Structures are given as C-alpha cells and as structure tokens.
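>>> All I have is the shape, not the residue letters:
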Ligand code: ATP
Ligand code: MG
C-alpha cells in the first residue's frame, strides 16, 4: 500500500520549530494588547459569495486560488419529526431514541386516542407506533421496520403495534410498491421542505472579508466605537507551492473599522497601524525590513487613473508581455504588478497614480506620511504598489524583506473604505493588514542561522590582479577582530556570490575601480541590501553588524 503523506502545499510543524511559532504569536498578542486590539475568530469556511464580492471576482485569489466546493444538501430528520409531532399533538406520547435490540428507532409513539385513519370504531384504544422518518422510501426501510415491529411485539407482548414510515411528500422518490399492511407497516406523507439546501462554500483565502462580515452580522457599528480586531489563523490558497508559499498558511492580521463618526477615515489610523507594525517587527527582532507605501486614492481616483493608464498603454502594450497586453485592456492597474524584466522600463515610464489623486486623497496621504515622519517610522513611497485586492482605497502598504527571495512580502495591507458596503453592510471605512506567519518564521530562522555560523565578510577580488590587494584588505579586517573569508580572483562573480552566501553574512567586492576610489560594494545577504561603503568605514560597519 502506498504511504499517505501530508497534501502538497501543506506541512506539519514539529518541535522545536513550533516553539518559534508560539513565540511569534505571543509577541503579536502582547503588542496588539498594548494598542488595545481584541481578538476575533471567524470560521475557516464561508459562503463563496463573500469572497467573490468582498475580495473581487477579478483578483488572482478569487479567479484561481480558492478551495471551493458544493456542500451537499442534507435531510433534516429532527426538523421533520418535530413538525410531525406538532401535527399529531394531542394524540401521542412520544419517546425518541428508544433502543430496540441492536437498533434505535426514531420515535416510539403511544396513542391513547382513537385511531384516526384506519379504524373508525369509537371506543378509545391504545396503539403503540414505531415511527421512522425517511427522506426516500426504499424496500429495505420497509423490511427493517417490519422486523422491528415483530421484535417489539415479541419483547413487549403488545399486540397493538403499528410501524409507520413518514416521508416528505415531494421526496418520496423511490416509493416501493405497497408496504405490507398485514405486517402493520404504513407509509405516511408529510408536507414541508426538510432538506437543507446545498451551498457553495470556500475555505477562507484571507480573513478581512470574514471580519467585515462579522462586523456587519453583529451590528458592531452600532456601538459607535472603532472596532480594533486582530486574528491569527490558517488561510488557504491553491497556489504553486514553493519556499514561503503554501496552500495552507497562517496569517496574523488586524483591522480597524467603524462608522465615520468614530474617526475610522482618519489618516491617523493608517499611521498608527503602520507604527504598530514597525514596533511588532522590531519586537520580533526581524531586522532589515522595508516599508513600502502608496495611495491608490478613492474609487473615483482609481477609475480616472485606470483611464489615464489605458490611454498611455495603448501605444506601448504591444511591446509588452502577453499578460500586460490583456491587462492593458481589462484592468490596466494590474500592469503595475508585472514582474517581467523586459517590461520594467515601459512600466517605470507610465503616468503615476499620485498625479491622478484628487485633493482630498492627496491630503489624506500627506497626513499619513507626516505622522510617520514625526513618529520616526521609515518608509519608501512605491508608486507601483497597487496590491492584489479590489477593495483597497487610499493607503496601501507592504513590508518586504530581502532575505525571503522571490516571496519577499512579509505582510501587506491597506485601507478599504468601501468594503462593508460592497458586501451589503453600512458605511464602515477601515484599514488592516495581514502578515504571513510562515514567512516571519523563515526570516527569523534565516537570521538565527546567519548569526550562528556565518563569518562577518567574504572578500571577493575581481580578477586575479586583485588577489594581493584583497589579502591586504582581509588582513586589515582580521586584525580588527573580524571573521573574514577570502575568495579568489579566478572565480567568476557569480561563483564568488554563491560561495559567499554559504559562508558569510556579507560580500565585499574589490575590483580595480573600488581599489582606486576607495569605495567598496557591500551586499548583505539577509536583507538583500547592496550599498557603497568607504574602505575607511568598512571595519566599523562590519564590527557594528557583528555585535548586533
Ligand atoms: P504574494 O505577492 O506573496 O502572493 P499576496 O499579495 O498574495 O502576496 P496578501 O493577500 O496580501 O498576499 O497576504 C498577506 C501576506 O500573507 C503576504 O504578504 C504573505 O506574507 C502571506 N501570504 C500570502 N500568500 C501566502 C502563501 N500562499 N503562503 C504563505 N504566505 C502567504
Ligand atoms: Mg498571492
């Protein structure tokens, strides 16, 4: 027999790794508490329509990544039996779930009134009925009931026993010929729909739609207060599994949502959420992250920008990748997400969202950045950050980390002023984020590894002519107490990078230009950051990093 394994894209988390997961969650809970967020737990599956409307039909998530199924209809036995009992009340004493030999019968009814249907005799008579409820009638059911009646007669000595099969009238699909009345088994039909209808359900691919649904369902807006809610839990997307990308993954997220009168539209809320995230990452001891922010404006701004882009793309789209050619027509904004190398120059030259913002959106964004500046939270404006979900308005953001490689987004989020209304709720502007817990774990593990084993720098001479100078530089650093690995000028640059990545936290490149100018190129592997460093400062920078 073939062995069973965890499904592709899912994983077991084992000790000691689970300790790290717990530490991350504890830190998150501690920080959220300090900002007065409370926990919300929503179901892991929801009506498919929630995501279709709340996330957007056009998004990658909804159009290709959701786990959706048709939940089969179910027969509601207890609904049918209580309805039947109600219709027969006054005639019956009932006992349900009575054991009969090996079997349980749904109901044992003792009628102490006159039989209503088959016996017109006026004298009161007590009849025991064994009643079973069935969505469909099969000969098997009739046979079983006949057996049970006989068993009951034998065990109780009660001669007045009726077996009764009750079926919903519209579903008596396979009614068997004629139940044998000699064996005292009757079929009764009862009107009513006792089928719980089928439903399309989806494993949640993200949690914001669920939180907003709960906000609406429980009328949280009526409190007049801002709701500050966080969640921690699994999400599901059918993606191609790779490092940092799984089909079941965990997100830690939070939402600030409420009626406008509670201040939910204020740019201060955006800045506070971003400041909280910077604090959280710092407390998790994740170093080297970058905060990218942008504004996608109001729905009207975005519509306007889409038209500006559409016009600008009319000339260049033909030279771009297939996806972009399609997006240029259907959803021009998505062109900004394109990762194809050859398209980058065209995209950089496109008009910017910033120029399509109206005065209000501009002022809102300026207020967010002003608050961040004042609080000392560093950020980079990224004009291309539009994010994958349709519901974003105004502020969008992403925290990235170079150490994660292709899956470099640690977390993403933004403002979603129209989401509640899009899923049938009241006006409830909000802002939120979701961080990939799996990616936090990967980042922390990589940092630990880098700290534990790697030397401070790898010196890579560019060409054999640089070997002697590289030895001199290594000597200088080693004498300063740094741990240094010395490469070789015969290595191609790519080989030097590979060797360096395995053994050192940074690579220092030494070519003729560097030697002459005294400005060296240094790349830190964990963050992916590359910088120019004066040779005179190299020792100090490496020593500081070694201590950190
Ligand atoms: P990506 O560009 O990496 O696909 P996304 O835009 O689809 O990210 P969001 O929907 O914004 O991601 O989700 C927020 C965060 O959840 C991401 O920044 C990432 O850290 C994490 N995440 C998203 N999809 C996955 C996945 N399949 N596996 C692990 N983490 C994920
Ligand atoms: Mg994705």
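On my side now, so go ahead. Worth saying up front: this structure is predicted, and the values here are computed from it rather than measured. Numbering: from 1, shown residues only. Ligands and ions are numbered 1, 2, ... in the order given.

>>> excluding its backbone neighbours, what's nearest residue 518?
Excluding the flanking residues, the one nearest residue 518 by C-beta to C-beta, 6 or more residues apart in numbering is residue 535, at 4.7 Å. Yep, even glycine has a C-beta here, placed from its N, CA and C like the rest.

>>> and the helix or strand where residue 81 lies, what does it pack onto?
Residue 81 belongs to helix 77-87 when assigned by DSSP states H and E. Helix 77-87 sits against strand 92-100, strand 103-111, strand 127-133, strand 161-168, strand 185-190, with contacts defined as 3 or more C-beta pairs under 8 Å, 6 or more residues apart in numbering; DSSP states H and E.

>>> and it with strand 185-190, angle?
In terms of direction (axes from the mean of the first three to the mean of the last three C-alpha atoms, to 10 degrees), helix 77-87 departs from strand 185-190 by 90 degrees.

>>> got a pLDDT number for the residue of the stretch 401-548 of the chain found nearest ligand 1?
Nearest to ligand 1 in the stretch 401-548 of the chain, going by C-beta to the nearest ligand atom, is residue 436, at a distance of 2.2 Å. Per-residue confidence (pLDDT) for residue 436: 97.

>>> Tell me the bridge partners for it.
Beta-bridge partners of residue 436, counted by DSSP bridges, are residue 251.

>>> Flag every residue of this structure that's near ligand 1.
Within the chain, the positions near ligand 1 by C-beta under 6 Å from any ligand atom are 206, 237, 239, 244-246, 249, 251, 388, 407, 409-412, 434-436, 438-439.

>>> And the closest residue to residue 68 other than its chain neighbours, which helix or strand is it part of?
Once flanking residues are discounted, residue 68 sits nearest to residue 202: 4.5 Å by C-beta to C-beta, 6+ apart. Assessed by DSSP H and E, residue 202 sits inside strand 199-203.

>>> do the same with residue 149
Taking DSSP H and E as the definition, residue 149 sits inside helix 139-156.

>>> which helices and strands sit right next to that helix?
Secondary-structure packing of helix 139-156 (3+ C-beta pairs under 8 Å, 6+ apart): strand 92-100, strand 103-111, strand 127-133, strand 161-168, strand 185-190.

>>> Show the pLDDT at the residue nearest the centre of the chain.
Most central in the chain under C-alpha atoms, centre = their mean is residue 206, positioned 2.7 Å from the mean C-alpha point. Residue 206 is assigned a pLDDT of 97 by the prediction.

>>> what's the distance between residue 420 and residue 244?
Relative to residue 244, residue 420 is positioned 31 Å away (C-beta to C-beta, to the nearest Å).

>>> any idea of the pLDDT on residue 269?
Per-residue confidence at residue 269 stands at 98 (pLDDT).

>>> What of residue 57?
82.

>>> from memory it sits against residue 63, does it?
Yes - counting by C-beta atoms under 8 Å, residue 57 touches residue 63, with 6.7 Å between them.

>>> out of the helices and strands packed on helix 77-87, nearest to residue 51?
strand 161-168 (33.2 Å; C-beta to C-beta).

>>> same for the closest one, what does it pack against?
Packing partners of strand 161-168 (3+ C-beta pairs under 8 Å, 6+ apart): helix 77-87, strand 127-133, helix 139-156, strand 185-190.

>>> Try it again at 6 Å.
Applying 3 or more C-beta pairs under 6 Å, 6 or more residues apart in numbering; DSSP states H and E, we find strand 161-168 packed against strand 127-133, helix 139-156, strand 185-190.

>>> who touches it?
84, 127-134, 137, 141, 145, 149, 152-153, 184-190, 194 (C-beta atoms under 6 Å, 6 or more residues apart in numbering).

>>> Stretch 94-106 too?
85, 107, 108, 109, 130, 132, 133, 148, 151.

>>> Endpoint to endpoint, that stretch covers what distance?
10 Å (C-alpha to C-alpha, to the nearest Å).

>>> Use 47 as the first number from now on
Right, with 47 as the first residue, what we last looked at is stretch 140-152.

>>> from the chain's centre, how far out does it sit?
Here stretch 140-152 is found 45 Å from its chain centre; the criterion is C-alpha atoms, centre = their mean, to the nearest Å.
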